[in-house]
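> one predicted model, sequence on top.
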Amino acid sequence: MAQEVFLKAFRSLASFRGESAFSTWLIAIAVNTCRSRLRAEGQPLLSLDASRVFAAERGPLHDLEDHQRAEAVRRAVLTLPERYRDAIVAYYFEEKDLAAASRVLGVAEGTLKARLHRARELLKRRCASLGPHRAGPHMEES
C-alpha cells in the first residue's frame, strides 16, 4: 500500500497546489488509496498484528502458564529488600516513568536506575526456574 501511495503522489506532484501542507496532501492520498482498496477488496482476512496472530495460536494452557509465571514473579518481588521492591513496584507495576518513580521514592534518578538494575539481577536469579521469559516480558532492561 505504501508503495502505491508514493507512486500516486509522485505522479500527482504537478497537481499539488500548495494550499495545505505537503504532509496533509500526502496523507489525503494515503487515506483515499486505502479506502479505495478496502472498497474494492474488502477487509483483509489475516491480521497483520503479530500479537493477535500469536494470541490466536495460544491456548488455555499457555494462558495458565503465563498467569502462574506472573504470580511467581510477584511473589519473588515481595521477597526483595524494601529499596529494590519499592523501585520495581513504582517503575513496573505502577508504570511510572523514571522521573516520576524517583520523585515518589525520594531518590535521584541515577539511584533508582541502580536499584532497578540490582532488583532485576536478583529477580533473574530467583526466577531462573520459571522458563524462557525468566522475569516476565515487562522486566526487560531499561
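Received, thanks.
> how's this protein carved up into domains?
2-41, 64-130 (automatic domain parsing).
> with mean pLDDT as extra columns, can I get the ones you listed in a markdown table?
Formatted as a markdown table, these follow (pLDDT from 0 to 100):
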| stretch | mean pLDDT |
| --- | --- |
| domain 2-41 | 87 |
| domain 64-130 | 88 |
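> mean neighbour count, those domains: which tops it?
Comparing the domains of the chain by mean neighbour count (mean count of other CB atoms under 10 Å), domain 64-130 ranks first with a mean of 16. To be clear about C-beta, it is placed using only N, CA and C from the backbone, and glycine gets the same treatment.
> so which strand or helix has the closest residue to Val5 other than its chain neighbours?
Leaving aside its chain neighbours, Val5 sits nearest to Ala30 (4.6 Å; criterion: CB to CB, 6 or more residues apart in numbering). According to DSSP states H and E, Ala30 maps onto helix 22-41.
> for Met1, give me the pLDDT.
We have a pLDDT of 82 for Met1.
> burial of it, as a residue count?
Look at Met1: counted by other CB atoms under 10 Å, it has 9 neighbours.
> touching, it and Arg37? I think so.
Yes - with contacts defined as CB atoms under 8 Å, Met1 counts as touching Arg37 at a distance of 6.7 Å.
> one step back: the residue nearest to Val5 and Gly42, how far apart?
19 Å (CB to CB, to the nearest Å).
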